[in-house]
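*Asks:* generate coordinates for the sequence data below:
(2 chains)
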Number of protein chains: 2
Amino acid sequence: MQIALVVYDRFTALDAVGPYEILSRIPDAETIFVAKEAGPVRSDNGALALIADKTLAEVASPDLVVVAGGPGQSALMEDEHLLDWLRAVDAHSTWTTSVCTGSLLLAAAGLLRGRRATSHWLALGQLKQFGAEPAGERVVFDGKYVTAAGVSSGIDMALALLGRIAGDDCARTVQLAAEYDPQPPYDAGSPQKAPAHIVDALRSRSRFMLT
Amino acid sequence: MQIALVVYDRFTALDAVGPYEILSRIPDAETIFVAKEAGPVRSDNGALALIADKTLAEVASPDLVVVAGGPGQSALMEDEHLLDWLRAVDAHSTWTTSVCTGSLLLAAAGLLRGRRATSHWLALGQLKQFGAEPAGERVVFDGKYVTAAGVSSGIDMALALLGRIAGDDCARTVQLAAEYDPQPPYDAGSPQKAPAHIVDALRSRSRFMLT
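*Replies:* Take a look at the predicted model:
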């Protein structure tokens, strides 16, 4: 099984590294970070660079595709090289997936039309504009299309996928190895739970972040 | 505020990238991945390479140090270059922290003697051998020393630290931006919760992993 994790300039690192940490434990899986060009790819705040080991062109038929999100996504919404690649690999993939605003790229490629999907909570409106049906869940399965909400939700998505691909015991083993027994010290992880002034502040900041 | 994230060959990527994703959002913080040599550093399974932008020597007095864990840690337990650096930066740091088996490196440097600390659940015995007092919590504060349990627990540690450094509202804002509202599809994230046969299987595998 070949897993392609798609990254690009100004991606959000945890969007990609969360799923990597889980999915790369699939027995006999080959996990590859891919980008338009091979080499270092900088994250949204510039403090992290991850190496794309292969170009999109070099990974032509992955079984599982994970498209990361991040502020850099907005610059790629009309990037035909990337969108064509997404359409081409989707024609053969077993799973086509995304984390955070990565779903906007799948949507821009036309792959989520009429499908239930999700994205970062600040991007659900945009997702709808591309013909997807935004669902208010953290991880949304619609056939082979699996989308996760913001950033950290990719870990939950990957565990759910791992269970489907390699069975519940494999998923539980990887969860235990990663000691994924989350105990957030705050309870502000969704707009429903966070204090209103924090939701509002992020919403007004996002006018700059997401467009 | 300068934050140094210490990585090395065969580190576990999420150990470093979880805290990075949270702590790099501290207003005006400079976040730097550091290693003995600058350049690409490969993760435990080889599928991910992250770039260390600076050498240990170039980052002489970070305010906050995060030491990642991973199988590569075992090769460094007598590495005086790294251990000396840890001692030297600890003399000036505001916070000295670790994720997963990163605490074994802090312990090997003599920094956790007599302190409450934690590590990956499979490494708690080893931690004790170095004079620390293993605590069964996910995140352990003992003065300026903060240690997290396995892999994913670094996210919880970083949020708790962020709250102490920049206040509760900042921590809640970052939690909401990262949509950190975990909903694991399985409940096997700790040895207390996972089925016994899975705990046993990982324990016997770890004889190879951790030594």
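*Asks:* CA only for contacts and neighbour counts going forward, please
*Replies:* Fine.
*Asks:* for residue A:3, grab phi and psi.
*Replies:* Main-chain dihedrals, residue A:3, degrees, to the nearest 10: phi -120, psi 120.
*Asks:* surely it meets residue A:31?
*Replies:* Yes - Residue A:3 is within contact range of residue A:31, at 4.7 Å (criterion: C-alpha atoms under 8 Å).
*Asks:* which residues are in contact with each of the two?
*Replies:* A:23-24 (C-alpha atoms under 8 Å, 6 or more residues apart in numbering or on different chains).
*Asks:* contact partners for residue A:179?
*Replies:* B:120-121, B:149-153, B:189-190.
*Asks:* checking my notes, it in a helix, right?
*Replies:* No - counting by DSSP: H, G, I helix; E, B strand; the rest coil, residue A:179 is not part of a helix but coil.
*Asks:* and it, what pLDDT?
*Replies:* Note on residue A:179: pLDDT of 97.
*Asks:* burial of residue A:136, as a residue count?
*Replies:* Residue A:136 has 14 neighbours, counted by other C-alpha atoms under 10 Å in any protein chain shown.
*Asks:* equivalent analysis for the one 10 residues further on, please.
*Replies:* By the criterion of other C-alpha under 10 Å, residue A:146 has 25 neighbours.
*Asks:* for the residue nearest in space to the middle of chain A, name its beta-bridge partners.
*Replies:* Per C-alpha atoms, centre = their mean, the C-alpha nearest to the average position across chain A is that of residue A:99, at 1.9 Å. With DSSP bridges as the criterion, residue A:99 is bridged to residue A:148.
*Asks:* I would like the residues contacting the least confident helix or strand in chain A by mean pLDDT, please.
*Replies:* One helix or strand of chain A scores below all others by mean pLDDT, DSSP states H and E: helix A:196-209, with a mean of 84. Helix A:196-209 has contacts (C-alpha under 8 Å, 6+ apart) with A:71, A:122, A:191, B:169, B:172-173, B:176-177.
*Asks:* which stretches of chain A form helices?
*Replies:* Along chain A, counting by DSSP state H, helices occupy A:13-23, A:80-90, A:102-108, A:124-129, A:153-166, A:168-177, A:196-209.
*Asks:* where does pLDDT dip in chain A?
*Replies:* Scanning chain A with the threshold set as pLDDT under 70 gives A:207-211.
*Asks:* change it to 90
*Replies:* Applying pLDDT under 90 to chain A flags residues A:27, A:136, A:204-211.
*Asks:* circling back: so the least confident helix or strand of chain A versus helix B:168-177, what angle?
*Replies:* 60 degrees (axes from the mean of the first three to the mean of the last three C-alpha atoms, to 10 degrees).
*Asks:* please identify the buried residues of helix A:196-209?
*Replies:* Judged by neighbour count (16 or more other C-alpha atoms under 10 Å in any protein chain shown), helix A:196-209 contains these buried residues: A:198-199, A:202-203.
*Asks:* what's the neighbour count on the closest residue in space to residue A:42 that isn't next to it in sequence?
*Replies:* In space, residue A:42 comes closest to residue A:49 once its chain neighbours are excluded; the distance is 4.4 Å by C-alpha to C-alpha, 6 or more residues apart in numbering or on different chains. Counted by other C-alpha under 10 Å, the residues lying close to residue A:49 total 24.
*Asks:* residue A:49 against residue A:17, yeah?
*Replies:* No - at 11.9 Å, residue A:49 does not count as touching residue A:17 under the criterion of C-alpha under 8 Å.
*Asks:* residue A:9: what's it in contact with?
*Replies:* A:41-44, A:72.
*Asks:* what do you get for residue A:42?
*Replies:* Here residue A:42 is in contact with A:8-11, A:48-50 (C-alpha under 8 Å, 6+ apart).
*Asks:* check residue A:177 too.
*Replies:* B:150, B:189, B:202.
*Asks:* residues contacting the second one?
*Replies:* Residues touching residue B:189, when contacts are defined by C-alpha under 8 Å, 6+ apart, comprise A:172, A:175-182.
*Asks:* likewise the first one?
*Replies:* The neighbourhood of residue B:150, defined by C-alpha under 8 Å, 6+ apart, consists of A:177-180, B:15, B:99-101, B:119-121.
*Asks:* between those residues, which is nearest residue A:110?
*Replies:* residue A:180 (34.0 Å; C-alpha to C-alpha).
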